[in-house]
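J.: give me coordinates for this.
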Amino acid sequence: MTTRAAPAAVDLSRRDLTLDLARVVCVLFVIVVHLVQVGIGPGPDGGLVASRPAEEQPWFNAATWVGQIMPLFFVVGGFAAATGWRSWTTKGGDAAGFIRTRTLRLAQPALPLFLFFAIVLGVATAAGLPPQLVADAAIGAGSPLWFLAAYLLCQAAVPFLAACHAHRPVLTLAVLAAGVVLVDAARFSIGIPEIGLLNLLFVWPLVQQLGFWYADGWFDRRHPLVLVGVAAACYAALWPLTAIGPYSASMLGNLNPPTVPLVVLGVAQACLLRLLKPLLTRLMSLRPMQGVVFVLGSRLMTIYLWHLPVMLALTGLSLLIPGAAPTPASAEWWWSRPVLFVAVLGVLLALSLAIAKWEALGTLGPTPHPIVVGLAWVCAFLPPFAVMEWFLDLPIAAVGALLLGVAVLLLRRRPSPDRSVRSKA
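T.: Down below sits the predicted model:
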């Protein structure tokens, strides 16, 4: 099947614009969280040190119960995946073609980022910069990349999970939930944290599955008081899970590897999203709001992937200007966060003029053989997974750029003329 770019004119009457708004808000909120989490300034010995000012505050753990919005992003992603899969199959598309396009949408924007990291870390190492400072900066800049690994897994599972949802929706949720609980039980009882990585196969696909239910209208059919009750019960359940159970009181502490509290949080956020839908609908009826969401949404992956490198670069620039870099966690530092947010977003939008083209698929030829698609998916998955597990460094950045390049080439390559003719026959 030949894949063509989406038409320039989008039929907004058939699109739930509140989900587009939610997706944009999630990414912007991630930027806000990182702006208050990462502080770079002089240490006791006069050298530069990295700190985490927000995590030093007494309110931080409670704030993460609201500020950890990645479950909502996967709920919204599940809605998009469900509707996208239905549209794809209606047009005669198969699983390999769907996974191909979804993998490209993640691998292509990630490729220039990994190339950038490889070059910058290589130059920093050759220049003899303090190794610990380079390592801290690399770890911070690469921290959002876990999302690529988790989302690639979820997107690859869409054809299978969509079929499961169509035939046994409740059983599908139950099996995924049982997997989450069993993995967490094994992890905490045996005491081997790496076991928790198995929950990449259960937590995020389960939260994504909530988006399938959202697309089916299940949340629409619930009375608002029911949704309020479910959300309240979920937040109430987080207390014993974190106060008595083995889970971190910080929802960021439950992120990698993902755990049960993120599923509970995902259910609550799905309910709250539906409760806020009337308000979000009114907001998205405004042309200026539609314009903002379109501009940001059309380059959302670029904004997400590059926001930390840009934030660190602007912070480094401010350190070179006397008096421009307040001490982290000081009152001046907190007041500087909104200014830095505007500056980061402005640079990202300017940067996107050159980089956002990597988010566009354009016209694709016939889908390669499923084995080729599978190999390309593995090449795209390994770099962000390595960053998630071992953090970003020069070898991972260099090998990651190579693997992502291979993935993009495999997925965009055109079959031989003979095979192309046969595929059209």
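J.: now the residue lying closest to residue 347 once chain neighbours are set aside: which helix or strand?
T.: In this structure, residue 347 finds its nearest non-sequential neighbour in residue 310, 5.0 Å apart by CB to CB, 6 or more residues apart in numbering. Any C-beta I mention is one placed from the backbone N, CA and C, and that applies to glycine too. Following DSSP states H and E, one finds residue 310 within helix 300-319.
J.: so in the chain, where's the weakest helix or strand by average pLDDT?
T.: For the chain, using mean pLDDT, DSSP states H and E, the weakest element among its helices and strands is helix 417-424, scoring a mean of 41.
J.: show me where the stretch 101-250 of the chain has its strands.
T.: Read by DSSP state E, counting those that start in this stretch, the stretch 101-250 of the chain holds no strands at all.
J.: what bits of it have low per-residue confidence?
T.: Scanning the stretch 101-250 of the chain for pLDDT under 70 picks out nothing.
J.: hmm, try it at 90
T.: Applying pLDDT under 90 to the stretch 101-250 of the chain flags the ranges 128-137, 139-141, 143, 191-193.
J.: any idea which helix or strand comes after the helix holding residue 310?
T.: Scanning onward from helix 300-319 (DSSP H and E), the first element met is helix 331-355.
J.: what about the closest residue to residue 116 other than its chain neighbours, neighbour count?
T.: Leaving aside its chain neighbours, residue 116 sits nearest to residue 309 (7.0 Å; criterion: CB to CB, 6+ apart). Each residue near residue 309 was counted by other CB atoms under 10 Å, and the total is 20.
J.: so residue 309 sits against residue 112, correct?
T.: No: with contact defined as CB atoms under 8 Å, residue 309 does not reach residue 112; the gap is 11.1 Å.
J.: quickly list what's touching both of these two.
T.: By CB atoms under 8 Å, 6 or more residues apart in numbering, residue 309 and residue 112 have no common neighbours.
J.: buried ones in stretch 204-223?
T.: For stretch 204-223, the neighbour count (16 or more other CB atoms under 10 Å) marks 204-215, 219, 222 as buried.
J.: want to try a markdown table for those residues, with distance to residue 277 as columns?
T.: Listed next are the buried residues of stretch 204-223 as a markdown table, based on distance: CB to CB, whole Å:
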| residue | distance to residue 277 |
| --- | --- |
| 204 | 23 |
| 205 | 24 |
| 206 | 22 |
| 207 | 19 |
| 208 | 19 |
| 209 | 20 |
| 210 | 15 |
| 211 | 14 |
| 212 | 17 |
| 213 | 15 |
| 214 | 10 |
| 215 | 13 |
| 219 | 9 |
| 222 | 12 |
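J.: so which of those residues is the closest to residue 152?
T.: residue 204 (10.3 Å; CB to CB).
J.: give the contact list for the residue nearest to the closest one when sequence neighbours are not counted.
T.: Leaving aside its chain neighbours, residue 204 sits nearest to residue 150 (4.7 Å; criterion: CB to CB, 6+ apart). Going by CB under 8 Å, 6+ apart, residue 150 touches 74, 200, 204, 258.
J.: and the helix holding residue 310, what other elements does it pack with?
T.: Where contact means 3 or more CB pairs under 8 Å, 6 or more residues apart in numbering; DSSP states H and E, helix 300-319 is packed against helix 17-37, strand 39-42, helix 95-126, helix 131-142, helix 331-355.
J.: relative to the whole chain's centre, how far out is the longest one?
T.: For helix 95-126, the distance from its own C-alpha centre to the chain's C-alpha centre is 14 Å (CA atoms, centre = their mean, to the nearest Å).
J.: report all helices and strands that that helix contacts.
T.: Against helix 95-126 (3+ CB pairs under 8 Å, 6+ apart) you get strand 2-3, helix 70-90, helix 131-142, helix 146-167, helix 300-319, strand 364-366, helix 370-390, helix 394-412.
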